[in-house]
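> Everything below, folded, please.
(2 chains)
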Amino acid sequence: MAVQDSTRSSSEGKSGDDGEDLSIFHAENLQNNMKSIYYSRTFLSIMGGVVAGIWGFTGLMGFVFYLLIMAIASLGLLAKAKFSVGNYFDSWNRIILDGFFGGLMSFVLFWTFAYDIVHIF
Amino acid sequence: MGVGFIAGVLGGLLFAHAAYSTIQYRGMLKIMEEEFSGPPTNVVIELLLGFVLCMVAGLAVPGKFHSILPDSEENRVVSLPSNLDFMIFNHRGRLSPFDPELKLKT
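The predicted structure is shown next:
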């Protein structure tokens, strides 16, 4: 436990007025948070794909549905971080954008899979 | 872990049932020779409920976020070990002869 603090890393200084104010944070904990975000997003996009397939969305409607799901997922992650992003992440993009395109692939895969099972076969 | 996992399993079961209902609904439409315009209401409700359950599962299962600030409460390392009996403040210097008058012979 005592060596845990030695893995601090300093990010690049924030652009703007506080140029020399380096922010120091736990890289290990940040990585843990990122991992759980990826986990949540991948799981939710798979489940969203199943919902879209059963519902019978086709074409652009499915992608709109995916956007909606990701927005809801972002809200959920924000609630999980108790609305204080700075406490758990180094930037807002971590919560809003990370895992978006990786999830899209899983979403399309499971969307077509569920659609085929329910509506075509 | 427990609650989230059970919620995820329940959501998956709801999806399976919704898929089954939709397949049956489509079979019925085929008999009545009508077009499919959307799933019936109970399937939609089931899907939404299942998605909410999966949302809970997806957010709860990966575990809590840890604070990344070095000076936050959970990252402090000032706590003592739980078993103080094993802390030793003794060393072998105590056994060696100590004489302030002792000098190296040259």
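> so where's the longest helix in chain A?
For chain A, the longest helix by residue count, based on DSSP state H, is helix A:27-55.
> Also chain B?
Longest helix in chain B, counting by DSSP H: helix B:2-32.
> Identify all contacting residues around the helix or strand that that one is followed by.
On the C-terminal side of helix B:2-32, the nearest following helix or strand under DSSP states H and E is helix B:41-60. With C-beta atoms under 8 Å, 6 or more residues apart in numbering or on different chains as the contact definition, helix B:41-60 has outside contacts at A:39-40, A:43-44, A:47-48, A:51, A:54-55, A:72-73, A:76-77, A:80, B:1, B:3-5, B:7-8, B:10-12, B:14-15, B:17-18, B:21-22, B:25, B:38-39. Backbone N, C-alpha and C define where each C-beta goes, glycine included.
> let's see 7 Å
A:40, A:43-44, A:47, A:51, A:54-55, A:76, A:80, B:3-5, B:7-8, B:10-11, B:14-15, B:17-18, B:21-22 (C-beta atoms under 7 Å, 6 or more residues apart in numbering or on different chains).
> Mind checking the pLDDT average for it?
For helix B:41-60, mean pLDDT rounds to 93.
> for chain A, what are the nearby residues on chain B?
Chain B has residues B:11, B:15, B:18-19, B:22-23, B:26, B:36, B:38-39, B:47, B:51, B:54-55, B:58-59, B:62-63, B:65-70, B:75, B:77 near chain A, with proximity defined as C-beta under 7 Å from any C-beta of the partner chain.
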